[in-house]
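S.K.: Dropping the sequence and predicted coords here.
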Amino acid sequence: MAQIKRHASAQWHGTGKEGTGSLTTQSGTLKDTPYGFKARFGDGKGTNPEELIAAAHAGCFSMATAFELTGAGHPPESLDCDAALTMEQVANGWKIAAIHLVLKAKVPGLDDARFQELVRGAKENCPVSKVLNADISLNASLV
């Protein structure tokens, strides 16, 4: 079986609340990208793990949907996906409780019933969906 490995790193300095960190990805897309408490729990500059997970999920699901639709003979003209991640405070910290995917797709010649079936399959088989221990909901529409 094929295997793909990807790498990213994080550096952190200081306490959880006052400290600062940076993220770097193997591809170089993120290079010493700042992250910290204010970006995670407020509106501070920088990124945070949750928005990166939401971006990864939106990207993975969109690509999985493109493969699913194309495999069924309905290549998409465009897919526009938004992933809204909800993080909740629990007794022992925080958890990612849910991700809501909103997909707007332009797929010529495809009826809504078949479209819904195919995007459900993409949601269930998207590698990021499979790794998340969260409620993942989907609202998909043809435009």
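M.R.: Structure's in. What do you need?

S.K.: Next one: Thr29, what pLDDT does it get?
M.R.: If you check Thr29, the pLDDT there is 95.

S.K.: likewise His100?
M.R.: Model confidence at His100, given as pLDDT, is 97.

S.K.: ok, and for the helix or strand where it lies, which residues are buried?
M.R.: When elements are assigned from DSSP states H and E, His100 belongs to strand 93-106. Using 16 or more other CB atoms under 10 Å as the test for burial, strand 93-106 gives Ile96, Ile99, Leu101, Leu103, Ala105. The way it works is simple: take the backbone N, C-alpha and C, and place the C-beta from them, glycine included.

S.K.: and what of stretch 10-20?
M.R.: Those would be Thr20, for stretch 10-20 by 16+ other CB under 10 Å.

S.K.: Strands of this structure, residue ranges please.
M.R.: Assigned by DSSP state E, the strands in the chain fall at 8-13, 20-25, 33-36, 78-90, 93-106, 135-142.

S.K.: Next, the angle from the fifth one to strand 135-142.
M.R.: Between the direction of strand 93-106 and that of strand 135-142, the angle (axes from the mean of the first three to the mean of the last three CA atoms, to 10 degrees) works out to 10 degrees.

S.K.: and Glu68, what is it in contact with?
M.R.: Leu118, Val119, Gly121, Ala122, Asn125 (CB atoms under 8 Å, 6 or more residues apart in numbering).

S.K.: contacting residues around the residue nearest to it when sequence neighbours are not counted?
M.R.: Leaving out its chain neighbours, the residue that sits closest to Glu68 by CB to CB, 6 or more residues apart in numbering is Ala122, at 4.3 Å. Taking CB under 8 Å, 6+ apart as the criterion, Ala122 is in contact with Phe61, Ala64, Thr65, Phe67, Glu68, Leu69.

S.K.: try 10 Å
M.R.: 60-69, 79, 101, 103, 129, 138, 140 (CB atoms under 10 Å, 6 or more residues apart in numbering).

S.K.: And Ser27, by the same measure?
M.R.: Contacts of Ser27 by CB under 10 Å, 6+ apart are Arg6, His7, Ala8.

S.K.: low pLDDT regions in the protein?
M.R.: The chain contains no residues with pLDDT under 70.
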